[in-house]
Each structure stands twice: as C-alpha cells, then as structure tokens.
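Peer 1: Build the 3D model from these lines:
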Amino acid sequence: MKTLMAGLALASVATASQAVTLNGTLGAAVGTTTTSILSVGQTLTLGGGTVTSTTGDLAIIPTFTTSITGISSPFTLSNGQTFTFTVGNFGTFSGTTQQTALNAASTATNRALAFYALGTFTPGSGLVGFDPGAASVTGSLTQTGGDGSSISFSFTLASPPAPPIPTPATLAVFGLGLAGLGLARRKA
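Peer 2: Numbers count the residues shown, from 1 in each chain. Here you go, the predicted model:
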C-alpha cells in the first residue's frame with residue numbers, strides 16, 4: 001500500500017509539471033492615428049483593437065466582442081522594438097519585432113508595411129490549463145491615399161510561432177536555386 005501511495009504521489013507531481021502548449025491563432029484589427037506617410041521607422045499611436053478570428057485552442061475567445069488592450073503605443077515600425085498587448089482576460093503577448101519591411105509595390109499614395117515579432121504568450125484566467133509559450137505576431141499596415149491618410153492595422157498571433165515573413169532577397173535566392181535545379185536536371 002505504501003508503494004502504491006508513493007507511486008500515485010510521484011505520478012501526480014510528474015503530471016503537474018508537464019507543460020500544456022497552446023496551439024492556435026488569433027486575428028485582430030487595431031485602430032491607429034497618423035499624420036504622415038507610412039514608412040519603416042515611423043512612430044504610430046495605436047488605439048484599442050478587436051479580436052476578428054480565432055482557431056485551435058484560441059477558438060474559445062469570442063470574436064468581435066473581445067477587446068485588445070495595452071497595445072504598445074507609441075510604436076515605432078522598426079526592428080528590435082517591443083510589441084505587447086492583452087486579449088481580454090485570455091492572455092498577454094510580449095515580444096520584439098524581428099522584421100519590418102515596406103512592400104516593394106508601395107507607392108506615394110498606396111503603401112503597405114509588414115512586421116514580424118517573436119515573443120511569449122502568457123495565458124490569462126480565460127485560458128486555464130495552458131502554460132506560457134513561444135508565439136509570434138505577423139502584422140500588416142496599409143495606407144491608401146498618401147500622406148495624412150488613415151492607416152489600417154491588423155495582425156495575427158500564432159502559437160506555436162509562425163515562420164518569419166520571407167524578405168524579397170530570400171525569395172530571390174530561392175528562385176535562383178529553383179532555376180539552378182531546373183538547369184541541372186535539364187543537362188542530366
């Protein structure tokens with residue numbers, strides 16, 4: 001009996017220490033204020049936001065009624081910047097921007113900028129049973145109408161982290177590699 005009790009105690013300790021990884025995505029729309037043209041290095045004042053979509057373990061979060069608060073503001077659109085926010089009572093993301101890039105097709109009147117942040121999502125009281133874990137945020141900012149026009153901002157939180165945004169140089173190298181493989185195969 002003593003051995004059985006010791007075994008049960010050991011099993012309960014082992015079970016309690018195992019991490020439960022959160023797996024899912026959350027989409028959000030955020031309000032912004034700007035008076036200049038969208039560009040890398042620009043500082044934006046960010047307003048609150050709303051959850052617009054959820055998947056996986058995050059699907060229990062109500063869409064269009066759950067607020068995004070505590071967003072880093074002002075937020076500078078460049079690498080190495082802290083980006084944080086809270087999703088109702090469901091948790092908090094805190095991370096650092098790893099990539100920030102202006103879309104190559106952007107013009108003076110229509111601009112798009114993307115950023116990628118890597119960090120940790122710490123579940124709140126609305127996501128019981130999950131441990132803090134690695135997560136990423138992929139964001140998109142769009143400005144139509146040029147200097148002084150409003151900027152729309154949306155992002156997706158992913159846990160586990162989504163891969164970084166491919167840069168134009170990465171895509172070019174990948175394309176050259178595929179072309180090289182095609183030539184090598186053709187010669188063989």
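Peer 1: And the lengthiest strand in the chain, what does it pack against?
Peer 2: Criterion DSSP state E: the longest strand present in the chain is strand 110-123. Helices and strands touching strand 110-123, by 3 or more Cβ pairs under 8 Å, 6 or more residues apart in numbering; DSSP states H and E, are strand 82-87, strand 91-102, strand 133-144. C-beta coordinates here come from the backbone N, C-alpha and C atoms, glycine included.
Peer 1: now the angle between strand 133-144 and it, please.
Peer 2: Put simply, strand 110-123 runs at 160 degrees to strand 133-144, going by axes from the mean of the first three to the mean of the last three Cα atoms, to 10 degrees.
Peer 1: How about strand 110-123, which residues are buried there?
Peer 2: Residues of strand 110-123 classed as buried by neighbour count (16 or more other Cβ atoms under 10 Å): Arg111, Ala112, Leu113, Ala114, Phe115, Tyr116, Ala117, Leu118, Gly119, Phe121, Thr122, Pro123.
Peer 1: possible to save the residues you listed as TSV with pLDDT?
Peer 2: What follows is the buried residues of strand 110-123, written out as TSV (pLDDT from 0 to 100):
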residue	pLDDT
Arg111	89
Ala112	91
Leu113	91
Ala114	92
Phe115	91
Tyr116	95
Ala117	95
Leu118	96
Gly119	96
Phe121	96
Thr122	96
Pro123	96
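Peer 1: Quick one: the strands in the chain, in order.
Peer 2: 24-33, 43-54, 67-69, 75-76, 82-87, 91-102, 110-123, 133-144, 151-159.
Peer 1: that older thread, a markdown table for the buried residues of strand 110-123, including distance to Thr144?
Peer 2: Shown next, in a markdown table, are those (distance: Cβ to Cβ, whole Å):
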| residue | distance to Thr144 |
| --- | --- |
| Arg111 | 8 |
| Ala112 | 9 |
| Leu113 | 13 |
| Ala114 | 16 |
| Phe115 | 19 |
| Tyr116 | 23 |
| Ala117 | 24 |
| Leu118 | 29 |
| Gly119 | 30 |
| Phe121 | 31 |
| Thr122 | 35 |
| Pro123 | 36 |
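Peer 1: Below-threshold pLDDT in this structure: ranges please.
Peer 2: For the chain, applying pLDDT under 70 flags the ranges 1-19, 34-35, 165-188.
Peer 1: middle-most residue in it, spatially?
Peer 2: Val137 (0.8 Å; Cα atoms, centre = their mean).
Peer 1: can you tell me which residues contact it?
Peer 2: Phe83, Phe93, Gly95, Phe115, Tyr116, Ala117, Gly119, Phe155, Thr156, Leu157, Ala158 (Cβ atoms under 8 Å, 6 or more residues apart in numbering).
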